[in-house]
Each structure stands twice: as C-alpha cells, then as structure tokens.
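Trainee: Next come a sequence and a model predicted from it.
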Amino acid sequence: MIINDTTLRDGEQAPYVAFNTDEKIAIASALYLAGADELEVGIPAMGVKEQADIKEILALDLPLRIMSWNRATMSDLEASLACGLKAVDLSIPVSDILIEAKFKGDKTRLLKNLEEVLHVSRSEGLFTCIGGEDSSRADLGFLKEVMSLGAQEGADRFRYCDTVGIMRPHQIYEHIFALCDLHLLEIEMHTHNDFGMATANAISGLEAGAISVNTTVIGLGERAGNASFEQTLMALTHLFGEARTVDAKALHHVVSLVQKAAHQTISPTMPIVGKNIFSHESGIHVNGMIKHEQAYEAFSPQSVGMKRTYPIGKHSGSSTLVYHLRAMGVEPEHEVVNRILPTVRELVTERKKVLNKKELKALYNAHKAG
C-alpha cells in the first residue's frame, strides 16, 4: 500500500502554519527517509515562490513520486508542467453542495472541463490522480461517472476525499468497497479528523480495497487535521504486516522537524510519538512489564526512538518501588516498601507531581531507620 504524504500541501494549509523553503526541503528529505512512498509538495498555481520551492524539492532527486495539487483547470496544469512535475492531482468538487457553490450546479460543464484537462495531462505523460473533493457527501452514481471518464481519459487514480471528516469507518468501508468493485480506477484515501476518525477511516478504506492513503506528519492539516503519517506507517507495518523497515531515528527526526516548523505542540499521549506512551504507572501494569516486555505494549519504544519509564505516582505498586530502589543499588525490604506505599500515594496526590528516585530512596531510608 502507498503512503502519499501531503504534509507539504494539505499539512501546510493548517491555520497559522507556513513553511519556508529550507523547512520544505528538510521535511521532504526526512519524509523519504522515514518511509513515505510518494509526496504531494504544493500548489504551483499559488505563484512564483511556490513554484520555486517545488523546483527545489524536485532538484533533490528523491527516488519517489513527487506530486502537486491542482484545480482541474488548464492554468493550474500549465503551472505544474512549468515546474517539471511528472505527477498531478486534479481536484474537482463532486458533492451537490460544492458543485452548486463552484459550478452553479452545472455538472455537464464540470465534466467537460475535467475531460479537457485530463486529455492534456495524458498527452504530457503525467501520472494523474483525480481528486474528488467532498466525495463522502457525493452521490455514488456521480462518482462512478467521474471515475468512468477518468478511466476513459487515461487517469491513474481517484482520490476519495472525506473533506469535512463526517464518515465512520464502516461507512467508508462500504463506499470504498463499492467503488473498487467498479474496477475503473485505483482509489486513494484522503480523510479529515473533524470527529477524530481520520486515520481509522483511512485504514478502513485500505481494508476495503484502496491502494493509497494521504497522510500528514502529526496529523497536521485544516481544522482538526488529516490522517497521521506516523500512525499509518506503524499500522501498515504492525497491523497489516507489510515488509516496511521503520527507521526510529528518521521517524523521530521528521516529527521534530514538522512540529517545530509548524509551531505545534504534541500531546504527551499522542499515539506513536507522545512522550508518555511508554510510561507505565499502574502497579499491575508495571508488574507485568517487568516480567515480560510485551505485556502492555503493542510495539517497543525503541522502534520509534522512545524510552520506557515507570513513574512513581499515585497508582504505583510495590513492584515500581522495588524496581527503582534496586536500580539505585538498594535491595529493599518488602515490609518497608509496603509501609511507605500509602505515603507515596498521599504525597503525589497532594502535590500533583510524581516522586523522583532520590525522594523515593530518602523516604525508604527514613522509614527503614524508624
């Protein structure tokens, strides 16, 4: 399956985000090293500066497909051709709501425009994806008509866009299965996170037969964002069993680059990259992890460049205290450990902060001496 990452296009369309040229070059290179299969890197029709940035990315000569986003118009296509691009997404509205807003409801004119642009794209030998804006609110019969035209005119792919993030995984599965069953064009998933389902919907689409998925690093994007690059990458590797090698250092690097360039904060509980996702506080969990490193983890912290920790908190059990005391060279007496456990919980609750190892050792020694 193909990860077509659009951090440099749809990710940058997030409110208050703007990447400079050096950041774009660094992110493109980092995405390749981290495991992206294709990159969507900008909108040439935005003007000379955007075109210059795209040319800089093309000059990197990365061994993967580089794509631009375009409206399905001759002027947008010509701007992409002027950059030297060999792959384009040609976007059209496909829901009645957006066709009314952009074409005054005239589907005939929309399809005629698309046909003309596809004809030129094919004559130029471009890899062409038709982007179905607002596919999730479109009539499936009209999507079939668009895909039929695309197949006839030599398009390579259809991008199913859940533009306002309203779909559920089961709905997505049914829609994509039906479109794949037409055997017209390969399907690419483009999902938004307005209800927190972007990555789940993207994965569901892949399960239904789609072959490609748009992602952004840390789910960056318009409104609530897009399907997450790092979550999709790890899902394909661990849940689908694809033969992908996840370079932990490269993954950590691209996340750090995008986070800083976009001035975004990462939640400590964000899947794959949150700093606390390998922190085990519950006594039952720590006891299990000490006995078996896979007891309460789906993948190792090392695989994503992280470390495992056992914070000394309100829900810690004796196993956690013993673990830390032994790490400091103390062979603890279990009677003393059990005696200080209520005190540990009380202290943490009062100050809303876990104990550090030195505090634990001092508390243990004080109770042992007493």
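Mentor: Here it is on my side, so go on.

Trainee: check contacts around the nearest residue to Pro44 once chain neighbours are set aside.
Mentor: Leaving aside its sequence neighbours, Pro44 sits nearest to Ala79 (Cβ to Cβ, 6 or more residues apart in numbering; 3.7 Å). Every residue, glycine included, has its C-beta placed from N, CA and C. Ala79 is in contact with 44-45, 51, 70, counting by Cβ atoms under 8 Å, 6 or more residues apart in numbering.

Trainee: repeat that with 7 Å
Mentor: 44-45, 51 (Cβ atoms under 7 Å, 6 or more residues apart in numbering).

Trainee: With Asn226 instead?
Mentor: Asn226 makes contact with 10-11, 191-193, 198, 214-216, 219, according to Cβ under 7 Å, 6+ apart.

Trainee: Looking at strand pairing, list the partners for it.
Mentor: His192 (DSSP bridges).

Trainee: does Lys24 count as helix, strand or coil?
Mentor: Here Lys24 is recorded as helix under DSSP: H, G, I helix; E, B strand; the rest coil.

Trainee: I'd say it and Gly11 touch.
Mentor: No: applying Cβ atoms under 7 Å, one finds Lys24 not in contact with Gly11, separated by 10.7 Å.

Trainee: higher neighbour count, the two?
Mentor: Gly11 (28 against 21; other Cβ atoms under 10 Å).

Trainee: wait, which of the contacts of Ala79 is closest to Ile97?
Mentor: Ala45 (23.1 Å; Cβ to Cβ).

Trainee: for the closest one, what are its contacts?
Mentor: Going by Cβ under 7 Å, 6+ apart, Ala45 touches 70, 75-76, 79.

Trainee: In contact with the closest residue in space to His334 that isn't next to it in sequence: list those residues for me.
Mentor: Excluding the flanking residues, the one nearest His334 by Cβ to Cβ, 6+ apart is Ser318, at 7.0 Å. Ser318 makes contact with 334, 337-338, 341, according to Cβ under 7 Å, 6+ apart.

Trainee: Kindly indicate which of the residues you listed lies nearest Leu185.
Mentor: Closest approach to Leu185 among the contacts of Ser318 (Cβ to Cβ): Leu341, at 61.8 Å.

Trainee: export the helix or strand where that closest one lies as PDB, just CAs?
Mentor: Using DSSP states H and E, the element containing Leu341 is helix 334-351. Written as PDB, here are the backbone C-alpha positions of helix 334-351 (Å, rounded to 0.1, in the frame of the first residue of the first chain):
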ATOM      1  CA  HIS A 334       9.300  -5.700  51.300                       C
ATOM      2  CA  GLU A 335       7.900  -4.800  54.700                       C
ATOM      3  CA  VAL A 336       9.400  -1.300  54.400                       C
ATOM      4  CA  VAL A 337       8.200  -0.900  50.800                       C
ATOM      5  CA  ASN A 338       4.600  -1.800  51.800                       C
ATOM      6  CA  ARG A 339       4.800   0.700  54.600                       C
ATOM      7  CA  ILE A 340       5.900   3.600  52.500                       C
ATOM      8  CA  LEU A 341       3.500   2.900  49.600                       C
ATOM      9  CA  PRO A 342       0.500   4.800  51.200                       C
ATOM     10  CA  THR A 343       2.800   7.800  51.900                       C
ATOM     11  CA  VAL A 344       4.000   7.800  48.300                       C
ATOM     12  CA  ARG A 345       0.400   7.900  47.100                       C
ATOM     13  CA  GLU A 346      -0.500  10.700  49.500                       C
ATOM     14  CA  LEU A 347       2.500  12.900  48.600                       C
ATOM     15  CA  VAL A 348       1.800  12.600  44.900                       C
ATOM     16  CA  THR A 349      -1.900  13.400  45.300                       C
ATOM     17  CA  GLU A 350      -1.100  16.500  47.400                       C
ATOM     18  CA  ARG A 351       1.500  18.000  45.200                       C
END
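
Trainee: If you average the pLDDT over it, what comes out?
Mentor: The pLDDT scores in helix 334-351 average 94.

Trainee: Give me the contacts around the next helix or strand after that helix.
Mentor: Of the helices and strands lying after helix 334-351 in sequence (DSSP H and E), the nearest is helix 357-369. Here helix 357-369 makes contact (Cβ under 7 Å, 6+ apart) with 312, 321, 324-325, 328, 330, 332-333, 336, 339-340, 343.
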